[in-house]
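Engineer: Build me a structure from this.
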Amino acid sequence: GLESVKKEIKKMKAIFHKFKTTPDKANLNMVFYGNPGTGKTEVARIIADILHEEGLLPTNKCVETDSSGLIAEYVGQTGPKTHEIVQKAMGGVLFIDEAYMLSSRTHKGGSFGEEAITALLKDMEDYRGKLCIILAGYKEPMEKMMEIQQQKIRKANYMLLKQVRRQYRSILLELELKLM
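Structural biologist: Alright, predicted model coming up:
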């Protein structure tokens, strides 16, 4: 089940190595699709280690959040809250689980969710090569969100994670050790 993930990570390492001399041009942002228990969060942590190991990011930190970490209670506070968590992850990876919850047309993110998406997209461009933002969630709602946000989200690289059973988490940890 993990052969495709291993293959993708090896390809990513080759791509990251290519951009090592010009990290500011490297678009490190990604989208992960998968059901709960497929290892998306664990792979995000591995990606943080790889990006750091390859010299593309100064740290291997992986800040994990969901839509509630980005959306504020009051009008005008979501953008600053989103930028704040991006700054917290600066130099590493920002992993946003169930990112589809931000899209007003796929779930109940409403205008606050759209504001968070706009802020994220601005930061993806402004901090290109200085940060990796990973949007993650169930395949169908993520694809719908990506379709809706196609014009904006095209800045993100796509990585489709095939469903991996929960019992294979230890294999992911082995993979991490082998890749390093």
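Engineer: residue nearest the centroid of the chain?
Structural biologist: By C-alpha atoms, centre = their mean, the chain has its centre lying nearest to Ile134, at 0.4 Å.
Engineer: Assign that residue to helix, strand or coil.
Structural biologist: Put simply, Ile134 is strand when judged by DSSP: H, G, I helix; E, B strand; the rest coil.
Engineer: Identify each buried residue in stretch 65-82, please.
Structural biologist: Thr65, Asp66, Ser67, Gly69, Leu70, Ile71, Ala72, Thr78, Gly79, Lys81, Thr82 (16 or more other C-beta atoms under 10 Å). For glycine as for every other residue, the C-beta is placed from the backbone atoms N, C-alpha and C.
Engineer: and which of the residues you listed is nearest to Ala89?
Structural biologist: The nearest member of the buried residues of stretch 65-82 to Ala89, counting by C-beta to C-beta, is Thr65 at 8.7 Å.
Engineer: how about that closest one, what does it touch?
Structural biologist: Ile85, Leu94, Phe95, Ile96, Asp97 (C-beta atoms under 8 Å, 6 or more residues apart in numbering).
Engineer: do the same with Thr41
Structural biologist: Taking C-beta under 8 Å, 6+ apart, we find Thr41 in contact with Glu64, Phe95, Asp97, Ala136.
Engineer: In helices only, show me those residues.
Structural biologist: The members of the contacts of Thr41 all map outside helices under DSSP state H.
Engineer: Turn those residues into CSV, columns for distance to Pro36.
Structural biologist: Converted to CSV, the contacts of Thr41 look like this (distance: C-beta to C-beta, whole Å):
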residue, distance to Pro36
Glu64, 14
Phe95, 15
Asp97, 10
Ala136, 11
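Engineer: Pick out the most distant pair among those residues.
Structural biologist: Glu64 and Ala136 (9.7 Å).
Engineer: Can you pick out the residue with more neighbours from the two?
Structural biologist: Ala136 (25 against 16; other C-beta atoms under 10 Å).
Engineer: Residues in a beta bridge with the more buried one, which ones?
Structural biologist: Per DSSP bridges, the residues bridged to Ala136 are Phe32.
Engineer: Pretty sure Asp97 is one of the things it touches, is it not?
Structural biologist: Yes - contact criterion C-beta atoms under 8 Å: Ala136 and Asp97 qualify, at 5.2 Å.
Engineer: ok, which stretches of this protein are helices?
Structural biologist: Here the chain has its helices, by DSSP H, at 3-18, 40-53, 78-89, 110-126, 139-148, 150-153, 169-179.
Engineer: Compute the inter-axis angle for the longest one and helix 139-148.
Structural biologist: Interaxial angle, helix 110-126 versus helix 139-148 (axes from the mean of the first three to the mean of the last three C-alpha atoms, to 10 degrees): 70 degrees.
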